[in-house]
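A.B. asks: here are the coordinates; sequence isn't available:
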């Protein structure tokens, strides 16, 4: 639960082609603010954001003519009552309603809960982690520990996602032709998640249907599950700690070590599993996209295609809040990174599979910058501020922090907005022009031209 500070906005210079005659609306604008800075079971909250949200409400009302309502520290009944009231309002077809929820900054779980006096084993840490995921809405199927059980579960999830049913023969053929093709390696299966996630399957009766592995349009439709102690044999027999399934496919592997053990031990175990069993023949674990390692007090994530040698631990990343303060404790990491929508966004929206067959997973500050850019573009359009300085902004990154990847992802996502025709990338030196185009082409061929 972190504050969304909408007054800090970041923006990538972009130009849009808009028919102004068609864009000017005649309806009214409404804004409903729910602001919470008082809690029964959370402590350490400041109230500095409440006044800032008040200022935003005042500006929307006085400068833009919004009809606003500000509800401070509502309980559940008050929230439902107010939402019902607005649901029953008679709105004009051109009216717009903004509903904004805000809570103030939170103290980390580790700061408000004393460490347990009793010794916590690795298995106890694992059980606690899984229970936290279940509490967040993950399904936890039991006894899913073999390849056969994993395939049977994948069949159920993909049928649900695609609203269809495979016969046993059709499923066997789908697995052989596409899902777990014998010749596929890690790169092939990663490409299926990012580029080739739709397969034209011919059913036994002759009809053809697009079978989706993931839904990238309505991301919350993807089913997330958590399993543990999956067993697989390659050159060695291994048993994995915790695996996150998306639509039945293992996309995230979590390795845990008890508190006090160096987190590098978990990293080394991932490295060993990669050599011994993850990439064994006919293994759905070739679909793994992200690894998470934790010893309870430090938690990190990294992409599967990062080269795992003795130096590659440097490429692991901590998760962080929007202000770049690190989230290390496993409890806090689980509540934020493993939020269902957040995790699905990291896997399917904020990752890039480049032309060198390398999977790049964005760092938290890159994701925060991209989301602020997109919010600013959308809000400026809605407030009709596209031709003013109030419709712009800037982002600031240091050298080597991934500015080009941030701008690329922001530009690609901006082009998916209905009112954006083109996004322009402006540089102030010729060498940067060539360098940027080269990087963009590496992220996605034919994604940019220099005209």
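C.D. replies: That came in fine, so what should we check first? Everything numeric here is computed off the predicted structure, so don't read it as measured data. Residues are numbered from 1 along each chain as shown.

A.B. asks: So residue 182 sits against residue 280, correct?
C.D. replies: No. Applying Cβ atoms under 8 Å as the test, residue 182 and residue 280 come out as separate, 11.8 Å apart. Heads up, the C-betas are built off the backbone N, CA and C, glycines and all.

A.B. asks: So for the two, which residue has more residues nearby?
C.D. replies: residue 280 (16 against 8; other Cβ atoms under 10 Å).

A.B. asks: Show the backbone phi and psi for the more buried one.
C.D. replies: phi -70, psi 160 (degrees, to the nearest 10).

A.B. asks: which residue sits closest to it, ignoring its sequence neighbours?
C.D. replies: The shortest distance from residue 280 to any non-neighbouring residue, by Cβ to Cβ, 6 or more residues apart in numbering, is to residue 234 (3.4 Å).

A.B. asks: Return the residues in contact with the one you found.
C.D. replies: Applying Cβ atoms under 8 Å, 6 or more residues apart in numbering, we find residue 234 in contact with 276, 277, 278, 279, 280, 283.

A.B. asks: and with 10 Å instead?
C.D. replies: 273, 274, 275, 276, 277, 278, 279, 280, 281, 283, 285 (Cβ atoms under 10 Å, 6 or more residues apart in numbering).

A.B. asks: Now restrict those residues to buried residues only.
C.D. replies: 273, 274, 276, 277, 278, 279, 280, 283, 285 (16 or more other Cβ atoms under 10 Å).

A.B. asks: Out of those, which sit inside strands?
C.D. replies: Among those, no residue falls in strands (DSSP state E).

A.B. asks: could I get the residues you listed as JSON lines with pLDDT and distance to residue 259?
C.D. replies: Output for those, formatted as JSON lines (pLDDT from 0 to 100; distance: Cβ to Cβ, whole Å):
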{"residue": "273", "pLDDT": "91", "distance to residue 259": "22"}
{"residue": "274", "pLDDT": "88", "distance to residue 259": "25"}
{"residue": "276", "pLDDT": "87", "distance to residue 259": "26"}
{"residue": "277", "pLDDT": "86", "distance to residue 259": "27"}
{"residue": "278", "pLDDT": "88", "distance to residue 259": "26"}
{"residue": "279", "pLDDT": "81", "distance to residue 259": "31"}
{"residue": "280", "pLDDT": "80", "distance to residue 259": "32"}
{"residue": "283", "pLDDT": "87", "distance to residue 259": "31"}
{"residue": "285", "pLDDT": "93", "distance to residue 259": "27"}
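
A.B. asks: Give me the buried stretch members for stretch 236-243, please.
C.D. replies: Those would be 238, 240, 241, 242, 243, for stretch 236-243 by 16+ other Cβ under 10 Å.

A.B. asks: Pull up the pairing partners for the helix or strand hosting the third one, direction included.
C.D. replies: Spelled out, it's residue 241. Assigned by DSSP states H and E, residue 241 belongs to strand 237-246. In the sheet, strand 237-246 lines up against strand 224-233 (antiparallel), strand 249-256 (antiparallel) (DSSP bridges).

A.B. asks: I'd like to know which of those lies nearest to residue 153.
C.D. replies: Residue 153 lies closest to strand 224-233 among the strands paired with strand 237-246, at 7.6 Å (Cβ to Cβ).

A.B. asks: Of the buried ones among the contacts of residue 234, which belong to helices?
C.D. replies: Within the buried ones among the contacts of residue 234, residues falling in helices by DSSP state H are residue 273.

A.B. asks: tell me which element residue 120 is part of?
C.D. replies: Per DSSP H and E, there is no helix or strand for residue 120.

A.B. asks: if we can go back for a sec, pipe the strands paired with strand 237-246 into TSV and attach mean neighbour count and mean pLDDT per row.
C.D. replies: TSV is the format used below for those (neighbours: other Cβ atoms under 10 Å; pLDDT from 0 to 100):
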stretch	mean neighbour count	mean pLDDT
strand 224-233	19	94
strand 249-256	24	97
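
A.B. asks: can these go into CSV with extra columns for distance to residue 407?
C.D. replies: Listed next are the strands paired with strand 237-246 as CSV, based on distance: least, Cβ to Cβ, whole Å:
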stretch, distance to residue 407
strand 224-233, 30
strand 249-256, 26
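
A.B. asks: So which of those is nearest residue 303?
C.D. replies: strand 249-256 (11.0 Å).

A.B. asks: pLDDT score for residue 44?
C.D. replies: pLDDT recorded at residue 44 is 46.

A.B. asks: likewise residue 173?
C.D. replies: 97.

A.B. asks: quick one: contacts for it?
C.D. replies: 166, 167, 201, 202, 203, 204.

A.B. asks: mind checking how far it is from residue 154?
C.D. replies: Counting by Cβ to Cβ, to the nearest Å, the gap from residue 173 to residue 154 is 15 Å.

A.B. asks: Now the element after the helix or strand where residue 129 lies, going C-ward?
C.D. replies: Using DSSP H and E, residue 129 maps to helix 122-135. Later in the chain than helix 122-135, the nearest helix or strand by DSSP H and E is helix 147-162.

A.B. asks: Check which residues of that next one are buried.
C.D. replies: Within helix 147-162, the residues scored as buried using 16+ other Cβ under 10 Å are 147, 150, 151, 153, 154, 155, 157, 158, 161, 162.

A.B. asks: Can you tell me which of those residues lies closest to residue 385?
C.D. replies: So of the buried residues of helix 147-162, ranked by how close each gets to residue 385 (Cβ to Cβ), first place is residue 161, at 39.2 Å.

A.B. asks: Checking the most centrally placed residue in the chain next. Helix, strand or coil?
C.D. replies: Closest to where the C-alpha atoms of the chain average out (Cα atoms, centre = their mean) is residue 345, at 2.2 Å. Three-state assignment for residue 345 (DSSP: H, G, I helix; E, B strand; the rest coil): helix.

A.B. asks: Excluding covalently adjacent residues, which one is nearest to it?
C.D. replies: residue 219 (6.6 Å).

A.B. asks: same thing with residue 286?
C.D. replies: Nearest non-adjacent residue to residue 286, counting by Cβ to Cβ, 6+ apart: residue 189, 4.4 Å away.

A.B. asks: give me the element that neighbour is part of.
C.D. replies: Short version, using DSSP H and E: residue 189 is in helix 186-194.

A.B. asks: which residues of the stretch 351-451 of the chain fall in helices?
C.D. replies: Secondary structure of the stretch 351-451 of the chain (DSSP state H, counting those that start in this stretch): helices located at 364-382, 403-414, 430-443.

A.B. asks: least reliable of these going by mean pLDDT?
C.D. replies: helix 430-443 (a mean of 57).

A.B. asks: Tell me which residue of this structure is furthest from the middle?
C.D. replies: Distance-from-mean max, the chain, by Cα atoms, centre = their mean: residue 205 at 38.3 Å.
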